[in-house]
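Enquirer: 3D model of this:
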Amino acid sequence: MVPNLDLILLAFLHGAFISFLLLLLLSLAFISLLFSFFLTLFSILLIDSYNVYSFFSQYLETLKANLQLGCQLILLAITSLFVTIVLAMNPVFQGVASKVRVLKHAIQQMEEPFKFKLPRIPRL
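Expert: I've put the predicted structure just below:
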């Protein structure tokens, strides 16, 4: 038998435990350094993207205003086209309106005998 085997085993376990604690401490330090690196990188990316956006935002606002103006001009052109069409078809509409008036008058004449008038209640 090897003398003092239990002491050698105890020293080995003690060294392994200290190595484990140091390895755990180093891995936590490494993970915290990686986390801080990615956090810093992300914040730099956000700051730079804000600066880039503010640089391009002038062009985006101008583009937005131009698109709104273009849509309004297209709407104005379509409206003026429809007004021109309606004015050109005005005699057709007047003919249809006169036919509707004649039919309305004929219907009123047919309903006249069946109508009865309610007596008016005097106001107090």
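Enquirer: make it CA atoms for all contacts and neighbour counts henceforth
Expert: OK.
Enquirer: quickly find the element holding residue 77.
Expert: Taking DSSP states H and E as the criterion, residue 77 maps to helix 5-88.
Enquirer: just checking, what packs against that helix?
Expert: The criterion is 3 or more C-alpha pairs under 8 Å, 6 or more residues apart in numbering; DSSP states H and E, and there are no helices or strands that helix 5-88 contacts.
Enquirer: now that helix: how far from the chain's centre is it?
Expert: Distance, stretch centre to chain centre, for helix 5-88: 19 Å (C-alpha atoms, centre = their mean, to the nearest Å).
Enquirer: the helix or strand that it is followed by vs helix 5-88, what angle?
Expert: The helix or strand immediately downstream of helix 5-88 is helix 90-111, counting by DSSP H and E. Orientation note: helix 90-111 sits at an angle of 80 degrees relative to helix 5-88 (axes from the mean of the first three to the mean of the last three C-alpha atoms, to 10 degrees).
Enquirer: go ahead and flag the most central residue of the protein.
Expert: residue 64 (15.6 Å; C-alpha atoms, centre = their mean).
Enquirer: give me the pLDDT for that residue.
Expert: The predicted local distance difference test score for residue 64 is 86.
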